[in-house]
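>>> sequence first, predicted coordinates after that:
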Amino acid sequence: MTALDHRGSRQRMIDSQHPEAVVAARLTGYKLDLNRALAPVSSTVLLDPVYGDRAAQDIASGALPRDKGLLVGAQATKYNDDHGTRHTEFLPGWSVQRVPRMGADAAKLLVSSRPGREDAAALQREVAEFPTDPRFEQDEGRMREASSAPHALPSAPWILLWGGVPFEVPACQVQIAAQDGASGFLARRAAWQETMGAWDGRARQHWLGTVGTGRVRQLADLAGAFGRPSWRRWGAEPGRHVSGDEPWYARSGAKGAEVGPEPVAPHARHTSGAPAAARQVARTSGRTQTGNPVFSAASAARPGQLGPAAQAGFGWHATSGILEREDSMTVSTGKVRVAVNGYGVIGKRVADAVSAQDDMELVGVADVVSDYRIRVAVERGYPVYASVPERSGEMQAAGVPVAGTLQELLAQVEVVVDCAPKKVAAANQAAYRAAGVKAIWQGGEKHELAGYSFVAQVNYAGALNRDSARVVSCNTTALSRISHALHGRGLARRVRAVLMRRATDPWESHRNGMINTAIPETKVPSHQGPDAQTVIPGLDITTLAGAGPYNLSHLHFAMIETTRPVDVDELRAILLDTPRVALVRAADGLEALNSVMELMRDLRRPRGDMWEVAVWEDALASDGREVYLTFQVHNEAIVIPENVDCIRALSGLEPDAAVSIAKTDASLGITRHFLPSTRPPHVTPGEGTPAGFKGAEEPTAPGDG
Ligand SMILES: NC(=O)C1=CN([C@@H]2O[C@H](COP(=O)(O)OP(=O)(O)OC[C@H]3O[C@@H](n4cnc5c(N)ncnc54)[C@H](OP(=O)(O)O)[C@@H]3O)[C@@H](O)[C@H]2O)C=CC1
Ligand SMILES: O=C(OP(=O)(O)O)[C@H](O)COP(=O)(O)O
């Protein structure tokens with residue numbers, strides 16, 4: 001859990017000289033930033049009700065994701081002192097009863113204690129606090145000793161919190177506390193105190209989105225690896241239904257007493273299907289030394305297999321069941337763990353692209369098929385899971401080594417890329433939510449499913465740390481890239497496009513192929529125009545579509561009315577400055593869809609893929625009012641780099657769109673020029689082309705000609 005409920009202390013940290021001058025709006029803005037960055041990596045956020053209706057603002061602004069718990073403070077920030085023991089008071093006009101009415105899940109009431117005062121110490125044992133004060137005691141041995149003293153820590157479920165100390169202290173204490181039975185931690189300012197000074201907003205958001213979220217994740221790794229889930233104290237076990245006359249709360253006792261002896265850390269035990277803690281262990285578990293994936297959560301809980309974040313982040317390494325401190329700090333490698341569900345046209349390409357990233361790990365792929373398609377995944381060494389448990393037997397009978405179910409795969413990852421057939425994919429939403437996994441859907445699904453439609457170069461920043469997003473369809477991705485190139489520069493007034501779509505994908509043309517005809521779409525506008533508006537709100541765009549008897553990708557014709565005259569030279573310069581757009585020329589023999597695809601094969605691209613939108617340079621035109629573009633969209637490939645960037649955005653791996661795009665492009669070999677130029681870049685009017693409005697130099701008036 002993450003605590004963002006500080007008031008006076010926060011004002012003092014922002015401006016120690018004049019804390020009273022720190023206005024509420026500044027504090028609220030700062031906390032909104034904290035919440036946006038840290039809530040997605042927390043299970044619950046603790047907010048205060050004071051500053052500008054803080055908690056309410058977080059809910060209303062969407063900074064607090066709906067699937068995160070909300071804890072709201074109830075006590076006043078100042079305490080009455082009674083001979084050395086502070087007594088808690090409620091905020092005037094605020095009460096525990098009012099907390100749930102604002103939609104919160106629980107109220108926080110701080111009860112203070114003071115070592116040496118037996119009444120206070122007794123209270124402390126009831127409500128828990130780490131037995132040593134991190135400001136004065138930072139020796140690991142003495143902290144361990146104090147923590148393991150009889151009655152040092154309480155019998156009720158408890159979590160660790162800390163104050164303004166260097167981050168290394170809670171990093172150490174979380175492990176010790178978890179080994180002594182803590183169920184988690186409340187992350188406080190040690191995790192982000194570097195941002196308390198006079199940081200500008202963007203720098204602060206960047207820091208929080210990278211270092212801040214990384215720290216909370218690292219602590220979660222430790223708590224997940226060594227901690228004790230609170231349900232254990234109630235006698236619950238995942239996958240085991242205990243029936244009886246006695247209700248669970250009676251068994252657990254009024255104060256949350258434990259049911260039966262249960263050894264905990266150093267050998268934290270978690271079983272498959274367990275909620276957050278076990279899942280976290282499995283997610284950070286990595287692979288065994290032989291390279292085989294870790295399938296059972298029980299084995300995944302071995303500390304020796306802790307993820308890179310837990311192992312490296314604080315300069316700790318795992319041996320013989322506990323994390324030990326190394327002499328020097330090391331840097332987190334922080335790979336995001338990814339699953340692909342649906343290993344078809346898009347899924348298999350996403351899997352390959354994820355495997356090519358140095359900041360991602362493909363944990364496994366899932367599907368329902370048993371034929372050659374999934375056997376290639378086996379051949380490539382990807383662990384294969386059954387998307388639907390009932391299909392597992394069939395898959396195994398066909399010789400596919402099934403590593404487990406989709407649910408088991410989800411338990412090991414942070415992000416799932418769903419590439420199942422349209423509508424099938426939408427049905428997986430509940431499973432992803434239940435598993436607490438971030439999800440990426442494809443263009444076959446509706447915008448509303450994820451609530452965010454993604455094209456990296458247009459709106460990467462808005463997807464940062466979100467729980468889900470939809471990578472739009474191939475056609476919409478291409479239209480968005482091209483439209484944004486002009487619209488993003490304030491140059492597009494109106495986009496009109498005609499889409500000639502391929503009949504079917506090559507692998508299934510024996511099933512769905514059409515011959516000797518073309519099929520116009522009767523829905524006008526076709527869905528791609530409105531779809532592009534989900535990516536670029538305010539874009540004036542209409543599309544018409546149809547399908548033809550070929551399977552070599554789509555062909556678009558776009559007419560874009562500009563806000564001022566844009567000639568061909570400027571248009572070309574804009575396109576050359578646009579990521580994932582490349583120019584091709586009929587003059588180079590690239591006269592049709594097939595020749596461009598042949599070039600991709602000649603360039604030895606995997607599967608002959610073209611991730612770029614290929615715009616015909618010699619078909620660019622302008623009449624001073626509109627620019628005209630003809631471009632090819634390789635439907636099987638164009639969305640692949642978008643999925644890779646989307647993983648980085650959702651997981652918060654990289655806050656900067658340009659950095660992520662450049663990284664993805666370098667890993668796949670995406671380019672702006674397929675071939676070195678062998679002749680002048682643009683065919684000028686009169687050079688083999690009929691005169692017209694090719695360039696702005698010869699505007700064509702209506703009726704000319
Ligand atoms: N094809 C394209 O050009 C593009 C497609 N998209 C979008 O990508 C998504 C996937 O399309 P595409 O890759 O073409 O689809 P494919 O049909 O090629 O692949 C989907 C795979 O998922 C399998 N599958 C079926 N049911 C399930 C299930 N319940 N759980 C998991 N997997 C299942 C399919 O098996 P089976 O064959 O037995 O059904 C198949 O192997 C769609 O939203 C589509 O609109 C986006 C851009 C381009
Ligand atoms: O899914 C796709 O093709 P399909 O719906 O013909 O299988 C491509 O992404 C094209 O999508 P669109 O034509 O809905 O933009």
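Perfect, thanks for sending it. Numbering: from 1, shown residues only. Ligands and ions are numbered 1, 2, ... in the order given.

>>> residues near the closest residue to ligand 1 within the chain, how many?
Distances between the chain and ligand 1 by Cβ to the nearest ligand atom are smallest at residue 344, namely 1.7 Å. For glycine as for every other residue, the C-beta is placed from the backbone atoms N, C-alpha and C. Counted with other Cβ atoms under 10 Å, residues neighbouring residue 344 total 17.

>>> that one reaches residue 371, doesn't it?
No - contact between residue 344 and residue 371 fails when scored by Cβ atoms under 8 Å: they sit 11.5 Å apart.

>>> how about the residues of the stretch 551-700 of the chain by ligand 1?
635-636, 639 (Cβ under 6 Å from any ligand atom).

>>> ok but residue 395 is inside a strand, no?
No - going by DSSP: H, G, I helix; E, B strand; the rest coil, the assignment for residue 395 is helix, not a strand.

>>> surely it meets residue 387?
No - Residue 395 is beyond contact range of residue 387, at 9.8 Å (criterion: Cβ under 8 Å).

>>> who in the protein is up against ligand 2?
Residues of the chain lying near ligand 2 (Cβ under 6 Å from any ligand atom): 443-444, 473-476, 501, 528, 635.

>>> got the residues of the chain near ligand 1?
Along the chain, the residues adjacent to ligand 1 under the rule Cβ under 6 Å from any ligand atom are 341-347, 366-369, 373, 387-388, 419-422, 424-425, 442-445, 473-474, 505, 635-636, 639.

>>> can you give me the neighbour number for residue 676?
Number of residues near residue 676 (other Cβ under 10 Å) recorded here: 5.

>>> in a strand, it, correct?
No - assessed with three-state DSSP, residue 676 is coil; it does not lie in a strand.

>>> check what pLDDT it gets.
At residue 676, the pLDDT value in this model is 77.

>>> same question, residue 353
As summarised for this prediction, residue 353 has a pLDDT of 98.

>>> likewise the one 5 residues further on?
Residue 358 is assigned a pLDDT of 96 by the prediction.

>>> who does the helix or strand that contains residue 408 touch, helix- and strand-wise?
Per DSSP states H and E: residue 408 is located in helix 406-410. Counting contacts by 3 or more Cβ pairs under 8 Å, 6 or more residues apart in numbering; DSSP states H and E, helix 406-410 packs against strand 336-341, strand 360-367, strand 384-386, helix 429-435.

>>> and the ones you listed as a markdown table, adding mean neighbour count?
Output for those, formatted as a markdown table (neighbours: other Cβ atoms under 10 Å):
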| stretch | mean neighbour count |
| --- | --- |
| strand 336-341 | 27 |
| strand 360-367 | 26 |
| strand 384-386 | 25 |
| helix 429-435 | 16 |
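
>>> can you get me a residue count around residue 461?
12.

>>> likewise the one 4 residues further on?
A count of neighbours around residue 465, defined by other Cβ under 10 Å, yields 20.

>>> residues contacting the residue lying closest to it once chain neighbours are set aside?
Leaving aside its sequence neighbours, residue 465 sits nearest to residue 40 (Cβ to Cβ, 6 or more residues apart in numbering; 4.2 Å). By Cβ atoms under 8 Å, 6 or more residues apart in numbering, residue 40 lies in contact with 65, 68, 213, 465-467, 652.

>>> what do you get if the cut-off is 10 Å, keeping everything else the same?
Going by Cβ atoms under 10 Å, 6 or more residues apart in numbering, residue 40 touches 63-65, 67-68, 209, 213, 216, 438, 464-467, 650-652.

>>> again, but for residue 216
With contact taken as Cβ under 10 Å, 6+ apart, residue 216 is in contact with 1-2, 37-42, 185, 187, 191-192, 208.

>>> what sits in contact with each of residue 395 and residue 387?
367-369.

>>> might you report the residue contacts of the spatially closest residue to residue 580 that is not a sequence neighbour?
Excluding its sequence neighbours, the residue lying closest to residue 580 (Cβ to Cβ, 6+ apart) is residue 612, at 5.2 Å. Residues near residue 612 by Cβ under 10 Å, 6+ apart: 478, 481, 578-584, 600, 631-634, 637-638, 641, 665, 670-674.

>>> distance check, residue 612 against ligand 2.
Counting by Cβ to the nearest ligand atom, to the nearest Å, the gap from residue 612 to ligand 2 is 16 Å.

>>> then residue 225?
From residue 225 to ligand 2 the distance is 41 Å (Cβ to the nearest ligand atom).

>>> name the element that residue belongs to?
Per DSSP H and E: residue 225 is located in helix 213-226.

>>> below-threshold pLDDT in the stretch 151-300 of the chain: ranges please.
The stretch 151-300 of the chain contains residues with pLDDT under 70 at 151-156, 163-164, 197-200, 202, 206, 231-300.

>>> residue 414 contacts residue 363, correct?
Yes - taking contacts as Cβ atoms under 10 Å, residue 414 lies within contact range of residue 363: 9.3 Å.

>>> check contacts around the closest residue to residue 165 other than its chain neighbours.
Nearest non-adjacent residue to residue 165, counting by Cβ to Cβ, 6+ apart: residue 134, 4.5 Å away. Residues in contact with residue 134 (Cβ under 10 Å, 6+ apart) are 143, 162-166, 168-170, 172-173, 190.
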